[in-house]
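Participant: When you get a sec, could you give me coordinates for this:
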Amino acid sequence: MSSEPIRYAVVGLGRAGWDIHVKSLRDRADAKIVAVVDPVQERRDEAAVAFGCKTYTSLSRVLKQSDIEVVVIATPSVMHCSDTKKSLKAGKHVVVEKPMAMSVAEADSMIRVANETGKKLFVHQNYRFFPEFHHLKGVIESGILGRLYHIRYSLINFSRRNDWQTLVRNGGGVLNNTCPHSIDQAIQFAGAPIKDCLGDLQQIASAGDVEDHVKALMRAENGVTIDMEVSSAQNLGTAPYKWVLSGTCGTLVMDGAKSTIRWFDPQAAPPLEVVDGPAADRKYGNADKLPWQEKTVDATAPVSCNFYDNVFGVIRRGEPQVITSESVREVIRVIALIRKGTRFPGKVTTNAPAASV
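Facilitator: Below you'll find the model as predicted:
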């Protein structure tokens, strides 16, 4: 085991590359940014001043730098597969932004190259390290809701976007670039792979040629259903909820900051038997009274490590990966199922020309 800082190259200094990955790495004692790649001179200069690192305009050139251990791929989504495989074949470990790939076939090829080269492939599904995720998963595992049978997720706003993520040729769209986190979390909550899926994609407010509204209904192999709506084309003012977890003995409603849980102890509930005959007083229902309880708590929980803690642990200490590329493959498979079930004419291409990052 070694405590030596890991030497990183960050490829793409846009929103994800600079605001997420560089921000996460720059103050870590166990990380050192030794190289960056970007087509924009001003961005390269900013990185050179901040880190004293080498700068490049192409991936092929940075991969020749021998001291690089991990390459962070934060290029446009459509380039993730090819850039990842080139980096793995050059003998580097890889951190790749979501979406992992544009298709299941691409994801499989990335996993195969990682296995063949013996290098680690980390997919940045970092929401699995968030306190909110651990809070919700903890509530499910506590059994307070009973058996989970339905999940709802809603992320709604109104934004007329016109950046590179609004173009098919870059792998843009809400489904590819926003939904991977919610799909990944919902799969983890459901506890089983997705079996059936119905999707609807629409382009409403933004420029370009991809969807800005996603609606998906999914059913896992264990019967848990998922209702997901992710849209940047609705102005609701205040969204009614972010997550709803429904179980046989209770329901959790979470607004992003607080969770309200309403539940009852089934052992304290009176027995309920069917009355097959005329309804008393011609009314529905009965005088059944359940021992309901309610509490509102912060939507947070302790988290032992974050994404780059795990990268260091895996590479320097031989610890297991918290997020395996195989588990993220399921996210890509579900995205493909959602896209297959829609009438939206846009189709993501996987061999389009590169865009600026």
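Participant: Now do the helix or strand where Glu106 lies: everything it contacts.
Facilitator: Using DSSP states H and E, Glu106 maps to helix 104-117. With contact meaning C-beta atoms under 8 Å, 6 or more residues apart in numbering, helix 104-117 is reached by 80-81, 84-85, 88-89, 91, 94, 96, 100-101, 120-121, 325-326, 328-329, 332-333, 336, 350. C-beta coordinates here come from the backbone N, C-alpha and C atoms, glycine included.
Participant: any idea where the strands of the stretch 251-357 of the chain begin and end?
Facilitator: For the stretch 251-357 of the chain, strands defined by DSSP state E, counting those that start in this stretch occupy the ranges 258-263, 293-298.
Participant: So which of those is the most surrounded?
Facilitator: Comparing those by mean neighbour count (mean count of other C-beta atoms under 10 Å), strand 258-263 comes out on top with a mean of 18.
Participant: Quick one: mean pLDDT over stretch 11-27.
Facilitator: Taken as a whole, stretch 11-27 carries a mean pLDDT of 97.
Participant: same check, this time on stretch 159-174
Facilitator: 94.
Participant: Same check on stretch 311-321?
Facilitator: 97.
Participant: residues making contact with it?
Facilitator: In contact with stretch 311-321 (C-beta under 8 Å, 6+ apart) are residues 1-4, 6, 30-31, 69-70, 93, 95, 120, 122, 305, 310.
Participant: how about it: buried residues?
Facilitator: 311-316, 321 (16 or more other C-beta atoms under 10 Å).
Participant: hey, where'd the helices end up in this structure?
Facilitator: 23-25, 41-51, 59-62, 80-89, 104-117, 131-142, 174-177, 179-190, 307-317, 325-340 (DSSP state H).
Participant: Please identify which of those is closest to Leu272.
Facilitator: helix 131-142 (24.5 Å; C-beta to C-beta).
Participant: How much space separates the residue nearest the centre of the chain from Glu132?
Facilitator: Centroid-nearest residue in the chain, with C-alpha atoms, centre = their mean: His181, separated by 1.8 Å. Using C-beta to C-beta, to the nearest Å, His181 is found at 11 Å from Glu132.
Participant: Repeat that for Trp243.
Facilitator: 8 Å.
Participant: quick one on the thing from earlier: quick check: the residue nearest to the centre of the chain touching Tyr127?
Facilitator: Yes. Contact status for His181 versus Tyr127: in contact at 4.5 Å, counting by C-beta atoms under 8 Å.
Participant: that older thread, Trp243 and Glu132: which has the busier surroundings?
Facilitator: Each of Trp243 and Glu132 has its neighbours counted (other C-beta atoms under 10 Å); Trp243 has more, 25 against 20.
Participant: Spatially nearest residue to that one (excluding sequence neighbours)?
Facilitator: Of all residues not flanking Trp243 in the chain, Met254 sits nearest, at 4.3 Å (C-beta to C-beta, 6 or more residues apart in numbering).
Participant: Can you point out the buried residues in stretch 130-144?
Facilitator: In stretch 130-144, counting by 16+ other C-beta under 10 Å, buried: 130, 132-137, 139-140, 144.
Participant: Reformat those residues as JSON lines; add distance to Ser60.
Facilitator: Output for the buried residues of stretch 130-144, formatted as JSON lines (distance: C-beta to C-beta, whole Å):
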{"residue": "Phe130", "distance to Ser60": "35"}
{"residue": "Glu132", "distance to Ser60": "39"}
{"residue": "Phe133", "distance to Ser60": "37"}
{"residue": "His134", "distance to Ser60": "40"}
{"residue": "His135", "distance to Ser60": "43"}
{"residue": "Leu136", "distance to Ser60": "42"}
{"residue": "Lys137", "distance to Ser60": "41"}
{"residue": "Val139", "distance to Ser60": "48"}
{"residue": "Ile140", "distance to Ser60": "46"}
{"residue": "Ile144", "distance to Ser60": "54"}
